[in-house]
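Novice: Provided below for reference: sequence and predicted model.
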Amino acid sequence: MSPTMSIAEELAVRGITRREFLKFCTIMAGVLALPVEQTAKIARALETARRPAVVWLEFQDCAGCTESLLRANRPSVAELVLDILSLNYHETIMAPAGHAAEKSLQDTVKEGGYLTIVEGSIPVNDDGVYCCIGGRSALEILKEVAANTAAIITVGACAFYGGWPATPPNPTGAKGVKEIITGVPIVNLPGCPLNVDNLTATVVHYLTFKKLPAVDDLGRPLFAYGRRIHDNCERRGHFDAGEFVEAWGDEGHRQGWCLYKMGCKGPVAFQNCPAIRWNEGTSWPVAAGHGCIACAAPNFWEMPAYEPVPIHALTPPTTYPEVEPVKEMSPITAGVIGAAVGVAAGVAGAVAVSQLAKKEE
């Protein structure tokens, strides 16, 4: 495709209709948790934006995030790679190999201004010898690429904090990107693996608003990691009613009851899995009958998989909403409303706790 064509023009050449293009923009607005009015702004941005150059680095990992990329469907990986992004370097799916592949990376780095996507942890022990590509360590490659990039997007748990390679005793000294790189905008898309819809939405946000999305204190975008899984789970009603799965395959399990007692980490996990789901939006682990493992949380590999999280994590003050007064509302009124909502949430938690106690008695 011509480097002078906009994303919308390239999509049109490939037979994507205006209706399909606007549908994609609407989906992205939804994933980004933006008002529907923002769809037009996303469309205008993509109609004029050029495909951003992208370098995808893959280090210590299981390639799960690449597998997630290959299963993209909104848009497909072919549309994503050929039309939305200019994926100049990705070991798994790029056409060049050997010296030609490394030349593609070097040419992109020299030009600068590209987006860098990092998958996998970076070993730092023994000068990084535990992960080498083309005779160079992952540590050396990451530092070189980061020096001339516009921003870095980490994908998956390993690039986020080190993931399973960093679990004790961590002989390779595996680390996440933020422990190594400073002075560069970084946004983290953790998960094991990441949901590729969140990656697409992050790139669209970058193209639309010329900046990375707002993030939490762990560098995760709020649109994807700003809500607790427990609060959006389709099994939440069973939790509030005190209906819990007590053993795999029991009547409650067959009826779709809450998986809290089976170790579900939904009450302490923050991600949009219940909303966007997986496999073309058809399902997600909890819907399939397995508890959430909080794979977007730091050090989740070290959490006991089938032990319930402490129930106090469900009660105030963490359930109180933030209060931000609007123009026609006094701070006192806003505070009263916020307190009322917080009390309601606290009551729901208290009811759940009492139901748990009844069940155990």
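Specialist: Everything's here; your move. The structure displayed is predicted, hence computed values, not measured ones.
Novice: can you count the residues close to E234?
Specialist: For E234, the count of nearby residues is 11 (other Cβ atoms under 10 Å). All C-beta spots, glycine's among them, are computed from the backbone N, C-alpha and C.
Novice: likewise L22?
Specialist: For L22, the count of nearby residues is 14 (other Cβ under 10 Å).
Novice: phi, psi of it?
Specialist: In this entry, L22 is assigned phi and psi values of phi -70, psi -30 (degrees, to the nearest 10).
Novice: again with W56
Specialist: phi -110, psi 110.
Novice: Correct me if wrong: it contacts L115.
Specialist: No - if you go by Cβ atoms under 8 Å, W56 and L115 don't touch, sitting 9.3 Å apart.
Novice: residues in contact with the spatially most central residue of the chain?
Specialist: In the chain, the C-alpha closest to the average C-alpha coordinate belongs to L189, at a distance of 3.6 Å (Cα atoms, centre = their mean). Counting by Cβ atoms under 8 Å, 6 or more residues apart in numbering, L189 makes contact with I153, T154, V155, G156, F160, N198, L199, T202, R220, P221, A224.
Novice: R136 and A201: what is the separation?
Specialist: When distances are taken as Cβ to Cβ, to the nearest Å, R136 and A201 turn out to be 32 Å apart.
Novice: When the two are compared, which one has more neighbours?
Specialist: Counting neighbours by other Cβ under 10 Å for R136 and for A201 shows that A201 has the greater number, 28 against 13.
Novice: does the more buried one sit in a helix, a strand or a coil?
Specialist: In three-state terms, and counting by DSSP: H, G, I helix; E, B strand; the rest coil, A201 is helix.
Novice: contacting residues for the nearest residue to it once chain neighbours are set aside?
Specialist: Once its chain neighbours are removed from consideration, A201 has its nearest residue in V31; the separation is 4.1 Å (Cβ to Cβ, 6 or more residues apart in numbering). Under the criterion of Cβ under 8 Å, 6+ apart, the neighbours of V31 are D197, N198, T200, A201, F223, A224, N272, I276.
Novice: Tell me where the stretch 201-350 of the chain has helices.
Specialist: Read by DSSP state H, counting those that start in this stretch, the stretch 201-350 of the chain holds these helices, from start to end of the chain: 222-225, 229-232, 236-240, 251-254, 273-276, 331-360.
Novice: of all these, which has the lowest average per-residue confidence?
Specialist: Between the helices of the stretch 201-350 of the chain, the one with the least mean pLDDT is helix 331-360; it has a mean of 41.
Novice: chain center to stretch 34-42: distance?
Specialist: In this view, stretch 34-42 has its centroid 21 Å away from the chain centroid, taken as Cα atoms, centre = their mean, to the nearest Å.
Novice: Start and end of it, how far apart?
Specialist: Here the two ends of stretch 34-42 are set 10 Å apart, with distance taken as Cα to Cα, to the nearest Å.
Novice: can you pull the buried residues of that stretch?
Specialist: Of all the residues in stretch 34-42, those buried under the rule 16 or more other Cβ atoms under 10 Å are L34, Q38, T39, I42.
Novice: contact partners of that stretch?
Specialist: Defining contact as Cβ under 8 Å, 6+ apart, one finds that stretch 34-42 is touched by L22, C25, T26, M28, A29, L32, V204, T208, F223.
Novice: Give me the buried subset of those.
Specialist: Applying 16+ other Cβ under 10 Å to these, the neighbour count classes C25, M28, A29, L32, V204, T208, F223 as buried.
Novice: Now the helix or strand where the third one lies: average pLDDT?
Specialist: This points to A29. With secondary structure defined by DSSP states H and E, A29 is part of helix 18-31. Averaging pLDDT along helix 18-31 gives 79.
Novice: Following the chain onward from it, which element is next?
Specialist: Toward the C-terminus, helix 18-31 is succeeded by helix 38-48 as the next helix or strand (DSSP H and E).
Novice: could you give the angle of that following helix to helix 18-31?
Specialist: Note on geometry: by axes from the mean of the first three to the mean of the last three Cα atoms, to 10 degrees, helix 38-48 and helix 18-31 are set 120 degrees apart in direction.
Novice: Quick check: phi and psi on the nearest residue to L222 once chain neighbours are set aside?
Specialist: Distance criterion Cβ to Cβ, 6+ apart; nearest residue to L222, sequence neighbours excluded, is A214 at 5.0 Å. In this entry, A214 is assigned phi and psi values of phi -60, psi 140 (degrees, to the nearest 10).
Novice: wait, what's in contact with R220?
Specialist: Counting by Cβ under 8 Å, 6+ apart, R220 makes contact with V187, N188, L189, P190, F270, A296.
Novice: Contacts for stretch 160-169, please.
Specialist: 60-62, 120-121, 123, 154, 156-158, 170, 172, 174-179, 188-190, 192, 296, 298-299, 301-302.
Novice: hang on, isn't A146 packed against I152?
Specialist: Yes - with contact defined as Cβ under 8 Å, A146 counts as touching I152 (6.4 Å).
Novice: which residues do these two both contact?
Specialist: Taking Cβ under 8 Å, 6+ apart as the contact criterion, the common neighbours of A146 and I152 are T116, I181, V184.
Novice: Test my guess that the first one contacts N148.
Specialist: No - checked against Cβ under 8 Å, the pair T116 and N148 is beyond contact range at 9.3 Å.
Novice: out of these two, which sits in the busier spot?
Specialist: Comparing T116 with N148 by neighbour count (other Cβ under 10 Å), the higher total belongs to T116, at 26 against 16.
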